Every structure is written in C-alpha cells, then in structure tokens.
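Novice: based on what follows, work out the 3D shape:
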Amino acid sequence: MRPPASVRVLSFALLAFAGGCDDAFKYLFYPPESVEYALIPDVDLLMAAKDSSYSLSRDSLAVVYNRGTWKIEVKYMPDFQLNNVEFPEESQDGESSSNPFTFANWIDPQTGITPNRFSVFKISIFNYSASKLNFDPERSFLVTDRGDLLSGYGREEKTSKNQSLEGYFKRRKGASGVEDEIFERRMGIIRTTVLYLGRPIYAGDNREGFVIYDPLPESVEKVKLVFREFILGYDENNEPSQFTDLTFYFERTALSKQAIVGLKPRADSAVATGSFREIEIHQLRYRPPEGEEVAVGTEEWNVQPNALPVFAEFLEDSLRIRATIKQVSGESSDLQSASVVFLLAGPTDPIFTENEISGIANAIKGGALLVLDNSAFATQYQYPQRAEQLLEVIGSKLGDIKITALSPDNPIYRSWKKLDKIPEGMDDRENMPNRRDYLTGLMWRNRVVAVMSTKGYSMMWGRRNEPNTEQFILGANFVTYAISK
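Specialist: Residues are numbered from 1 along each chain as shown. As a prediction, the model looks like this:
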C-alpha cells in the first residue's frame, strides 16, 4: 500500500534536507547561537589621550568630555536596548516594525540571526555657561581598527550633504499604502530623535539625540568616533566661528543584557522620564488696542486657556515630548533660546511694541519657529490681513524674506506624520466666510520661520472630547519641525 500523499511529501522534504539542504535544516530546527555585542569606552586609549577632560559615566557605559562650562556624553546604543527599552512597541512587527534603527524582531532566514541595521550612538550636549555651541552629525565619522570609515547619516534627503536616513528607507520602500505608512512612522521617529545641525545650544540649554552610522563589520574590535569641527562659538553675523575636533574611543565586548533590562520601566509604572524629550513652548502675550474693552475675566492673548495644555498632553502621549508652557512678552530674554513660539490671536487686534517685534525677530534668528493661529473669530478686526501685516513687520527685521502659501509637500506638513492636505479647521465647522485652505509661511533663508493659520486650530485643541486627531498631528508637525532645525 502506498503511503498517504502527506507522508510522501514529508519524506521527500526530509530527503531533500539530507541531500544538501543542511544549512536550511539547521536554521529551521537549530537556530545559530548569536552573540550580541556592545561598544563600551576604551579606557586604555582614553588614558593615552592624556586629557583630564575625559572620564566615564557612573555606569561606565558612556564617555564623558567635560570642559567645565560645557559637557558631552557619548554612549553606544545596542539593538537590545533600542528594541526593548527605547522603542518596545515599535519593535514587534518583524519587517513591518516602525523602529527605524534596528531590524526589530525580524530574523534573516538565510542566516538565522537578526543583523544590525545601523550603529547608533546617543549624544548628550550640556551648555552650562559657554558661548553658543552646536554639532553637525554629518561632520562626524567612525574609524575602525580595520580601517573602515563610516560617515554620519543626515536625516532628510533634501538637506543632507551625503547619505540620509530618508534616502536609505526610500530605496527599500515598496509601492503599497502599507509601505508608505511604515515609512512615515519610521521617519516620524527619526525626526524626533536623530540629531541634526539646527539652532545653537545656548547657555543653560542642552540637546540630546541619536547619531547614526552604518553597522560595524563582525571582525571589528575597536572604534574611534570623531566629531569634526564641533562648534564652540558664533560671530556677530550668527555664523559658526570657533571649532574643535573631539575623539571618543570604544571597544567591542559581549552585551550585558541584565544591565539594560534594569533600565526598563515596570509595567505598572509611568514611562521612564529618560525616554522623554524635554522642551519649552512659549506663548506670546500682547495688548488690545487702546480704549478697546475686553470681557471681564478674559485675557485677550489667551482666550483658549486649555489649548496649549491639552496640546502638550498630546505631545507627551504620542511623541514622548514633555512640554513646559511659558507665557512671555516679546521683550522676554527667554525668547532668545526658544524653539517654538505660539501667538494665539483673540477677539482683539494683537498690538506689539517696536521692542517686542525686535525680540520676536531675534528669536527667529536664533532658530525659533513662530506659529500664529486665531483662537477666536473676531468682528473687531480682520485676522488674516492683520496677521500677514505682522509677518511683514517681523520680516522687515530679518531682511530678504518671502510670505507665501505653503504647498502640501512642504516639510512642515510632515515633519512627524505626513498630512496630504490641511486638516479641517473650526472655520470649516462653523462655515465661516472667506475660508483659506492653506497655511501661510514666512520664508527666510529658504526656510519656513513662521507659519500663519486662519483655521482656528487652537479652538479645537482645547476640546478634549472631540475627534481632532489631524489637528493635533499638524500642531505636532510644527513642534517637531521647530525642535529639529
């Protein structure tokens, strides 16, 4: 009697394995034992540098370079930590995982192991009392003991000098809608976590994020990380003028997962504070026109008092960005280190002094993004015309500006999550006349430095129980665009 077909197929499969498919058989039933590696500070080479500014962090996993008025910490981020501590939820879907820095829990069927996608370092820069600092990751590189030279990745293709993370993932992206969504989720994480040459780091400020390089060959034992032309100061034209080169030494060692697991927050605890990026959101105060009455108990510059606090909750829940809201005048010195500044126009015409206008312009020169929105549909003045006049006055302090409608492909619509069109506004819901279905931008040095909305999004942010997800995403895109400059 002939055996059943299923038995014959199984017997054929086993014969095939026995006849030359040993590797496939081995990876199916006996996955190879892989050793995960980390990079730790190379103490011998650090001591050989004979520079007392070098030291180790408390856990001995980071190299610290401390010059007194400023400090840098450099730490290698193994895949195990990226998958299990930094991005656990984004590392569970195999090839479709949105964690952009590793292959997550995908296993290569040809080798039976999960390879490294990149070499990732976490850089923390603290400016205690020095002049303005800055760092361009694309001016950094890794040198291995084999002689490999691995250059730092830029973020977006358009602004990168050489290779970019956006280009890397575009080349590997399929044409389906699902692939587009995975790509956008990865780029959203990249834009909020990867360092980029942006606004200076002022005294009292700090900056932290990842710098990305190609994966290390398996035979590498030692690496040198070089920061070329780390910026120590700027001239009177706000151009970098003082530089130094910095070198950090690491050696390869077997990964200690036990130490990393200890970093993971308990399931019943809040998310670890270290996983948040801390920022400040500045809201501008202004005065109504002289003689104009304002309703009792109303602050004309803040008629939607819940808008920014609720928006800050969205940033914390969705992007792990913890925002502190500061309400300041245009003359406040706090503005000079601002990343994003909101002007929420109320029922009265917003009035600013010449000094306040200069203060806002100086904040923009320092790297801040100004966001204007109408938080109350007014009859006393025409908000769109007044807001554009304000942009022109601020622009006169900058020079060589352009005020223009922002097309849907502008990065400000997709710095975190891509929006194909401008979201519905309160003006749409209330069927207001003369609605605009675009944002207006103030362009300076080929970049959006101020964005003006007529849509009334701030009215929608303050309403917790309404489905305003796209409106929050647009605001989050403003913030990520601002803090990633």
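
Novice: got a list of what residue 355 touches?
Specialist: By Cβ atoms under 8 Å, 6 or more residues apart in numbering, the contact set of residue 355 is 330-331. C-beta coordinates here come from the backbone N, C-alpha and C atoms, glycine included.

Novice: what helix or strand is it on?
Specialist: In the assignment (DSSP states H and E), residue 355 maps to helix 354-365.

Novice: so what's residue 60 scoring on pLDDT?
Specialist: For residue 60, the pLDDT comes out at 86.

Novice: buried ones in the helix holding residue 355?
Specialist: 356-357, 359-365 (16 or more other Cβ atoms under 10 Å).

Novice: ok, now stretch 398-417?
Specialist: 398, 401, 406, 410-417.

Novice: what's the span of it from first residue to last?
Specialist: In stretch 398-417, first residue to last residue: 30 Å (Cα to Cα, to the nearest Å).

Novice: so for it, mean pLDDT?
Specialist: The average pLDDT within stretch 398-417 is 89.

Novice: who's in contact with the closest residue in space to residue 315 that isn't next to it in sequence?
Specialist: Once flanking residues are discounted, residue 315 sits nearest to residue 321: 4.3 Å by Cβ to Cβ, 6 or more residues apart in numbering. Shown in contact with residue 321 (Cβ under 8 Å, 6+ apart): 192, 276-277, 279, 315, 479, 483.

Novice: name the member of the residues you listed with the most neighbours.
Specialist: residue 479 (26 neighbours; other Cβ atoms under 10 Å).

Novice: mind exporting the helix or strand that contains that residue as PDB, just the C-alpha atoms?
Specialist: Using DSSP H and E, residue 479 sits within helix 469-483. Listed next in PDB are the C-alpha coordinates belonging to helix 469-483 (Å, rounded to 0.1, in the frame of the first residue of the first chain):
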ATOM      1  CA  THR A 469      -6.600  64.000  15.700                       C
ATOM      2  CA  GLU A 470      -5.400  65.500  12.500                       C
ATOM      3  CA  GLN A 471      -5.400  69.000  14.000                       C
ATOM      4  CA  PHE A 472      -3.200  67.700  16.900                       C
ATOM      5  CA  ILE A 473      -0.900  66.000  14.300                       C
ATOM      6  CA  LEU A 474      -0.500  69.300  12.400                       C
ATOM      7  CA  GLY A 475       0.500  71.000  15.600                       C
ATOM      8  CA  ALA A 476       2.900  68.200  16.500                       C
ATOM      9  CA  ASN A 477       4.400  68.600  13.000                       C
ATOM     10  CA  PHE A 478       5.000  72.300  13.800                       C
ATOM     11  CA  VAL A 479       6.800  71.400  17.000                       C
ATOM     12  CA  THR A 480       9.000  68.600  15.500                       C
ATOM     13  CA  TYR A 481       9.800  70.900  12.600                       C
ATOM     14  CA  ALA A 482      10.900  73.500  15.100                       C
ATOM     15  CA  ILE A 483      12.900  71.400  17.500                       C
END
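
Novice: sorry, back to before: just the closest of the contacts of residue 321 to residue 349, please.
Specialist: Using Cβ to Cβ, residue 479 is the member of the contacts of residue 321 that lies nearest residue 349, at 26.9 Å.

Novice: surely the closest one and residue 341 touch.
Specialist: No: contact criterion Cβ atoms under 8 Å: residue 479 and residue 341 do not qualify, at 11.2 Å.

Novice: joint contacts of these two?
Specialist: Common neighbours of residue 479 and residue 341 (Cβ under 8 Å, 6+ apart) do not exist.

Novice: just the strands in the stretch 251-400 of the chain please.
Specialist: With strands called from DSSP state E, counting those that start in this stretch, the stretch 251-400 of the chain shows them at 277-284, 321-328, 340-345, 369-374.

Novice: which helix or strand in this protein has the lowest average pLDDT?
Specialist: Least confident element among the helices and strands of the chain, by mean pLDDT, DSSP states H and E: helix 5-18 (a mean of 42).

Novice: where in the stretch 1-150 of the chain is pLDDT low?
Specialist: 1-34 (pLDDT under 70).

Novice: now with 90?
Specialist: 1-36, 46-52, 57-60, 85, 108-113, 128-131 (pLDDT under 90).

Novice: ranges for the helices of the stretch 1-150 of the chain?
Specialist: 5-18, 22-29, 43-48, 79-81 (DSSP state H, counting those that start in this stretch).

Novice: what's the model's confidence in the helix ranked longest in the chain, averaged?
Specialist: The longest helix of the chain (DSSP state H) is helix 177-193. Helix 177-193 shows a mean pLDDT of 89.

Novice: after that helix, which helix or strand is next?
Specialist: Next element after helix 177-193 (DSSP H and E): strand 206-213.

Novice: show me what the helix or strand just after that following strand is packed against.
Specialist: Moving toward the C-terminus from strand 206-213, the next helix or strand (DSSP H and E) is strand 222-234. For strand 222-234, the packing partners by 3 or more Cβ pairs under 8 Å, 6 or more residues apart in numbering; DSSP states H and E come out as strand 140-144, strand 240-254.

Novice: C-alpha coordinates for the longest one, PDB please?
Specialist: Included here for strand 240-254 are C-alpha records, laid out as PDB according to Å, rounded to 0.1, in the frame of the first residue of the first chain:
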ATOM      1  CA  PRO A 240      30.000  79.500  13.300                       C
ATOM      2  CA  SER A 241      33.500  80.900  14.000                       C
ATOM      3  CA  GLN A 242      35.100  78.700  16.700                       C
ATOM      4  CA  PHE A 243      35.600  75.000  16.300                       C
ATOM      5  CA  THR A 244      37.300  72.000  17.900                       C
ATOM      6  CA  ASP A 245      37.700  68.300  17.000                       C
ATOM      7  CA  LEU A 246      36.800  65.700  19.500                       C
ATOM      8  CA  THR A 247      37.600  62.000  19.600                       C
ATOM      9  CA  PHE A 248      35.900  59.200  21.600                       C
ATOM     10  CA  TYR A 249      37.300  55.600  21.900                       C
ATOM     11  CA  PHE A 250      35.300  52.400  22.300                       C
ATOM     12  CA  GLU A 251      36.000  48.700  22.200                       C
ATOM     13  CA  ARG A 252      33.700  45.800  21.400                       C
ATOM     14  CA  THR A 253      32.500  43.500  24.200                       C
ATOM     15  CA  ALA A 254      29.800  40.900  24.700                       C
END
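
Novice: residues contacting it, please?
Specialist: Contacts of strand 240-254 (Cβ under 8 Å, 6+ apart): 35-42, 45-46, 49, 63, 65, 72, 74, 76, 131, 134, 216, 220-235.

Novice: give me the buried subset of the residues you listed.
Specialist: 37-42, 45-46, 63, 65, 72, 74, 76, 131, 134, 216, 220, 222-223, 225-227, 229-232, 234.

Novice: among the buried residues of stretch 398-417, which one lies nearest to residue 308?
Specialist: Closest to residue 308, out of all of the buried residues of stretch 398-417 and judged by Cβ to Cβ, is residue 416, at 17.4 Å.
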